[in-house]
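Student: Below is the structure, and that's it, no one-letter string:
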């Protein structure tokens, strides 16, 4: 029997856009997300370039619409295990992992989180902050339910006692579920992961506490983050007087197999340097770049604005970073003047690039979908069918295809949605 539903894998901004566009054509959508909440990486950001608009102010209304849309079934803590069939008649097997929360009763009040005594690494805060063993990743989660991390739960029983709805479940009260969906089309929008900066040992990441990654900085400068928007040195908690951004960490580097540009790093470094200047005008901010790639609408003007704010933009690449008693020292060669010098900084931010998720690579191989030279999903035709694949009915969107910024991801999600919508309508017309 042919299906008319559409399955969207991944609920970052590209997946959210794809799901909404399809659902608004009166087609039922199954939106599958492996994290406890939708939103992806965009939910971790403070501002967006080139307007410096609040990231969550843009994303939250979309998340809320997805959560209450009558044509969208949202499956969080879920993964697609297998896709079989052909266009118009796919069978999609989905594994839904236990939340250990009775979803129908949870109000997201946070009482269980407040009373929990356990603190562990917080993935959403990129390790800058901690979370509890029962938690919500952030205040604006969709769906608005807590999740209990049984790996770190010590079964103290406090969350069971404090929950007025008795919504917290014991380990043996929830189980893995397998859901099978018959679908006309599938959209893969699984997003990206970030380069592991520890692989570039010259920068001393994880060796020197004041060398952090760009996503850690994003959580630090975010008013909803663990430091409430205050930029601090990780070594002593003091405000840095000088900050250096190092570009192309994990991008445009043949020695580590990353010979592509990650598209967004120049712009987010400009954005974050401007945010520092707005918060702390007396802070010395320097960006060390290879080539400044400000190619989008209003991007070049944005870069010029950064220069006018007093941000030092130097064409250079640092050698091995050294830790002194009081700060960090970066030996650099200014490739425009040929001058060698040692640059001192209280805080160094590594602009790490995007790379494909291992799970996306595994899914592509199981579906027989080709990958490009950098292991991103390969489209059927870059010019004529950028959202299509060699398998009719399976479409791709967002940063799973290539490094993309937010506007390009939204456009990509919309393109894949229209392809899937056509397949759904065609399937509906079949006898």
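Tutor: That came in fine, so what should we check first? All of these numbers come straight from a predicted model, not from anything done at the bench.
Student: which residues in the stretch 251-400 of the chain form helices?
Tutor: For the stretch 251-400 of the chain, the helices defined by DSSP state H, counting those that start in this stretch cover 265-279, 299-308, 358-367.
Student: by contact count, what packs against the first one?
Tutor: Other helices and strands packing on helix 265-279, by 3 or more C-beta pairs under 8 Å, 6 or more residues apart in numbering; DSSP states H and E, are strand 47-48, helix 214-221, strand 242-249, strand 284-289, helix 299-308, strand 347-352. For glycine as for every other residue, the C-beta is placed from the backbone atoms N, C-alpha and C.
Student: quick check: mean pLDDT across the last one?
Tutor: Within the predicted structure, the mean pLDDT of strand 347-352 is 98.
Student: just the shortest one next, same as before
Tutor: Strand 47-48 shows a mean pLDDT of 95 in the predicted model.
Student: after it, next one along is what?
Tutor: Downstream of strand 47-48, the next assigned helix or strand under DSSP states H and E is strand 53-54.
Student: longest single helix anywhere in this structure?
Tutor: Counting by DSSP state H, the longest helix found in the chain is helix 406-429.
Student: re the thing from before, so which of the helices of the stretch 251-400 of the chain is nearest residue 103?
Tutor: helix 358-367 (24.1 Å; C-beta to C-beta).
Student: shaky segments in the chain?
Tutor: Within the chain, the ranges that satisfy pLDDT under 70 run 1-2, 429-431.
Student: longest strand of it?
Tutor: If you go by DSSP state E, the chain has its longest strand at strand 177-188.
Student: Give me the helices and strands touching the very next helix or strand once past it, please.
Tutor: The first helix or strand that comes after strand 177-188 along the chain, using DSSP H and E, is strand 192-194. On a contact count with 3+ C-beta pairs under 8 Å, 6+ apart, strand 192-194 meets strand 354-356.
Student: Flag every buried residue along the strand it packs on.
Tutor: Using 16 or more other C-beta atoms under 10 Å as the test for burial, strand 354-356 gives 354-356.
Student: partners of it in the sheet?
Tutor: Strand pairing for strand 354-356, determined by DSSP bridges: strand 192-194 (antiparallel).
Student: neighbouring contacts of the strand it pairs with?
Tutor: Residues from elsewhere that reach strand 192-194, judged by C-beta atoms under 8 Å, 6 or more residues apart in numbering: 41, 213, 215, 250, 352-358, 399-400, 403.
Student: same thing but 7 Å
Tutor: 213, 215, 352, 354-357, 399-400 (C-beta atoms under 7 Å, 6 or more residues apart in numbering).
Student: Could you chop the chain up by domain?
Tutor: What automatic domain parsing lists as the domains of the chain is 5-97+176-191+357-429, 111-173, 195-353.
Student: all helices of the stretch 1-150 of the chain, in order?
Tutor: Under DSSP H, counting those that start in this stretch, the stretch 1-150 of the chain gives helices at 13-23, 55-68, 111-115.
Student: re the thing from before, ranking the helices of the stretch 251-400 of the chain by mean neighbour count, which comes first?
Tutor: helix 265-279 (a mean of 22; mean count of other C-beta atoms under 10 Å).
Student: how much distance is there from it to the middle of the chain?
Tutor: Counting by C-alpha atoms, centre = their mean, to the nearest Å, helix 265-279 is centred 18 Å from the centre of its parent chain.
Student: what's the answer for stretch 70-81, then?
Tutor: In terms of C-alpha atoms, centre = their mean, the centre of stretch 70-81 is set 18 Å apart from its chain centre.
Student: Next one: the nearest residue to residue 266 once chain neighbours are set aside relative to residue 373, how far apart?
Tutor: Distances taken as C-beta to C-beta, 6 or more residues apart in numbering place residue 293 nearest to residue 266, at 4.8 Å, with adjacent residues excluded. As judged by C-beta to C-beta, to the nearest Å, residue 293 and residue 373 stand 20 Å apart.
Student: higher neighbour count, the two?
Tutor: Each of residue 293 and residue 373 has its neighbours counted (other C-beta atoms under 10 Å); residue 293 has more, 19 against 9.
Student: is it true that the more buried one touches residue 261?
Tutor: Yes. If you go by C-beta atoms under 7 Å, residue 293 and residue 261 touch, sitting 6.4 Å apart.
Student: Next, count neighbours for the closest residue to residue 390 other than its chain neighbours.
Tutor: Excluding the flanking residues, the one nearest residue 390 by C-beta to C-beta, 6+ apart is residue 380, at 5.9 Å. If you count neighbours by other C-beta under 10 Å, residue 380 ends up with 17.
Student: Show the contacting residues for residue 380.
Tutor: By C-beta under 7 Å, 6+ apart, the neighbours of residue 380 are 388-390.
Student: try residue 32
Tutor: Going by C-beta under 7 Å, 6+ apart, residue 32 touches 7-9, 75, 78, 80, 94.
Student: partners of it in the sheet?
Tutor: For residue 32, the beta-bridge partners under DSSP bridges are residue 9, residue 75.
Student: Could you number the chain from 238 rather than 1 from now on?
Tutor: Okay, using 238 as the starting number, the last item reads as residue 269.
Student: gap between it and residue 596?
Tutor: 12 Å.
Student: ditto for residue 350
Tutor: Relative to residue 596, residue 350 is positioned 28 Å away (C-beta to C-beta).
Student: can you tell me how far residue 486 sits from residue 644?
Tutor: Distance, residue 486 to residue 644, using C-beta to C-beta: 24 Å.
Student: for residue 565, that is, sorry about that
Tutor: 35 Å.
Student: So between these two, which is more surrounded?
Tutor: When residue 565 and residue 644 are compared for neighbours, residue 565 comes out ahead with 24 against 13, by other C-beta under 10 Å.
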